[in-house]
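# here is a sequence together with a model predicted from it:
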Amino acid sequence: MLTEKDRVEKHKLLVIEDDDTLRAQMQWALAEEYEVLPADGPEAAIQALLAAQPHLVTLDLGLAPNTSDSSAGFRLLGKILQQSPLAKVIVVTGNAQRDLAMKAISQGAHDFMAKPVDVGELKIILKRASYIHSLESEQARLQRSGEGRDFEEILGMSSGIQGVFSTIRKVASTDVPVLVTGESGTGKELIARAIHNGSLRKSRPFVPINCGAIPEALLESELFGHERGAFTGAHAQRSGRIEMAQGGTLFLDEIAELPLALQVKVLRFLQDHKLERVGGRGAINMDVRVVAAANKCLKKLVAEGRFREDLYYRLAVVSIEVPPLRERDDDIVLLAKAFLKKYSNERARAKALSAQAVDTIKAYNWPGNVRELENRVRRAVTFAEGPLVRPSDLGFGPLDEASQNLDLKKAKEDLELKFVQMAIIKHNGNISKAAEELGLSRPTVHHIIKKYNMLESVRKG
Ligand SMILES: Nc1ncnc2c1ncn2[C@@H]1O[C@H](COP(=O)(O)OP(=O)(O)OP(=O)(O)O)[C@@H](O)[C@H]1O
Ligand SMILES: [Mg+2]
């Protein structure tokens, strides 16, 4: 027996079907898992929609009186989505009407199913749809309540990322240094910016410097600036990044790469709030908040004597550990959908993730984290041939439907393309690194890119 609580927690499912027998069958088969609201046509459907606000809808596209004309079904789809934007609509079409199903999806339907209705399959589709509906309603709830509002750019409602938000909220308005650690692509820079934007320094500069990307010889003057004539080539006086951040926030990215000699100098700056340019004679008073990021465990480097302990404690007054994407279950699909929306334009056909794509991205372990997800989705938007993004569009799975017709040449080309894409995505668009991993020369990789014309879709940023 269902308890009152179970009953309340059931999703409401509106079944729009003009065939009385089929409607009754569906109601019977689904009643245990859903609160089923049957409707035999547009009028009854609209009434139920207004009265009960269903979460899920199955919509027969070929409604009476003219079952071969889908225009009434499409009009109804439009009304449903206008009335309940979060409702997940599964369209039911005739067997040979895949194009209609695709059109419905490009107009906002969530998924489709062909007649004759297979109840087992329908249950799976509905289960996925309820899952996504719950995610999106929870996200909408968080946004309404204001909890999500502070961090418009950082998406996520997993407990991991919500914990990060709560720390940001607590520390942003203070001046304490923050150390953000996490794997590559987890959003460390985004978090550093959110800390800056949540502080009183918001209108002052946010100045990033990547300690790992600047040659050691130049790093000191890049950070601290130099006086004219301080060294050969120093033709004019130049301010460093620290000085540029006056009144604002300095973001020391990849701090683990800071050479030991410079660690001492940065430590001194953090202690004294004073800065001396290279070759300079006087110190300048500084008011700068420091946020640092590392994708390695700094504590371990301290233990190995590669990072100064005193500097570590200065930087990590507050530390934020960003969880890898694979540990943020619920966020993966949400983020994928958000990126799909972000990169879809009028020309792009891709409008939604196929059920297989949803399963695939949930199962994958995302070594490149959010950046990899964003890159894969951006590329899929260009590559998808219909409104539904398939796993292969995201660069997953060596074989897809296309290779089933035993065309060896095409299969080889597909595989070649896929490998090159995966390598480029993995290396964030760095062709040299991709070529190295593939065991190909750079020109060969360029040739393949040109052949398939794919650079736009995988290039970073
Ligand atoms: N929670 C999120 N919501 C939306 N976009 C995100 C989120 N996290 C990361 N991104 C996006 O993913 C990309 C990578 O994020 P970011 O540059 O902040 O990562 P990172 O941790 O600094 O990576 P790295 O260690 O490689 O420098 C960016 O395009 C960023 O906008
Ligand atoms: Mg970064």
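Great, that's in hand. Ligands and ions are numbered 1, 2, ... in the order given.
# I'd like to know how many residues surround Met220.
Just to correct that, residue 220 is Glu rather than Met. 19 (other C-beta atoms under 10 Å). Every C-beta, even on glycine, is put in place using the N, C-alpha and C of the backbone.
# so it touches Val278, yeah?
Yes: using C-beta atoms under 8 Å, Glu220 and Val278 qualify as a contacting pair, with a distance of 6.0 Å.
# list the contacts of the residue of the chain most remote from its centre.
When distances to the mean C-alpha position of the chain are computed (C-alpha atoms, centre = their mean), the maximum falls on Arg281, with 48.2 Å. The contact partners of Arg281, by C-beta atoms under 8 Å, 6 or more residues apart in numbering, come to Glu227.
# for Phe269, see how far away it is.
For Arg281, the distance to Phe269 under the criterion C-beta to C-beta, to the nearest Å works out to 17 Å.
# also Gly198?
As it turns out, when the distance is counted by C-beta to C-beta, Gly198 lies 24 Å from Phe269.
# next: Leu262.
Applying C-beta to C-beta, the value for Leu262 to Phe269 is 10 Å.
# which of the two has more residues huddled nearby?
More neighbours sit around Phe269 than around the other of Leu262 and Phe269, counting by other C-beta under 10 Å; the figures are 21 against 17.
# the more buried one: which element?
Assigning secondary structure by DSSP states H and E places Phe269 in helix 260-272.
# just list what that helix packs against, helices and strands only.
Contact here means 3 or more C-beta pairs under 8 Å, 6 or more residues apart in numbering; DSSP states H and E; on that basis helix 260-272 packs against helix 216-224, helix 309-315.
# what packs against the last one?
What that stands for is helix 309-315. Using 3+ C-beta pairs under 8 Å, 6+ apart, the elements in contact with helix 309-315 are helix 260-272, helix 298-303.
# quick one, which of these gets closest to ligand 1.
With respect to ligand 1, and counting by C-beta to the nearest ligand atom, the nearest of the helices and strands packed on helix 309-315 is helix 298-303 at 13.5 Å.
# so that closest one, near ligand 1 or not?
No: in terms of C-beta under 6 Å from any ligand atom, no part of helix 298-303 sits within range of ligand 1; the closest distance is 13.5 Å.
# give me the contact list for that helix.
The set of residues that contact helix 298-303 without belonging to it, under C-beta under 8 Å, 6+ apart, is Leu179, Thr181, Ile255, Ala256, Phe307, Arg308, Glu309, Tyr312, Leu315, Ala316.
# so for that helix, what gets flagged as buried?
Leu298, Leu301, Val302 (16 or more other C-beta atoms under 10 Å).
# from the residues you listed, which is closest to Val207?
The shortest separation between Val207 and any of the buried residues of helix 298-303 is 21.2 Å, and it belongs to Leu298 (by C-beta to C-beta).
# ok so, going back, go through the helices and strands packed on helix 260-272 and find the least confident stretch.
In terms of average pLDDT, helix 216-224 trails the rest of these, at a mean of 90.
# what's the following helix or strand after it?
The helix or strand immediately downstream of helix 216-224 is strand 225-226, counting by DSSP H and E.
# now do that following strand: which elements does it pack against?
Counting by 3+ C-beta pairs under 8 Å, 6+ apart, the packing neighbours recorded for strand 225-226 are strand 238-239.
# the helix or strand following the strand it packs on packs against which elements?
The first helix or strand that comes after strand 238-239 along the chain, using DSSP H and E, is helix 241-244. Packed against helix 241-244, as judged by 3+ C-beta pairs under 8 Å, 6+ apart, are the following elements: strand 206-210, helix 216-224.
# picking that back up, wait, which of the helices and strands packed on helix 309-315 is closest to Ser137?
helix 298-303 (39.1 Å).
# so how far is the closest one from its chain's centroid?
Using C-alpha atoms, centre = their mean, to the nearest Å, the mean C-alpha position of helix 298-303 is found 30 Å from that of the whole chain.
# what's the closest non-adjacent residue to the residue in the stretch 101-250 of the chain positioned nearest to ligand 1?
Taking C-beta to the nearest ligand atom as the measure, the point where the stretch 101-250 of the chain comes nearest ligand 1 is Gly187, at 2.7 Å. Leaving aside its chain neighbours, Gly187 sits nearest to Val370 (5.5 Å; criterion: C-beta to C-beta, 6 or more residues apart in numbering).
# OK, contacts around that neighbour?
Applying C-beta under 8 Å, 6+ apart to Val370 gives the contacts Gly185, Thr186, Gly187, Leu325, Leu335.
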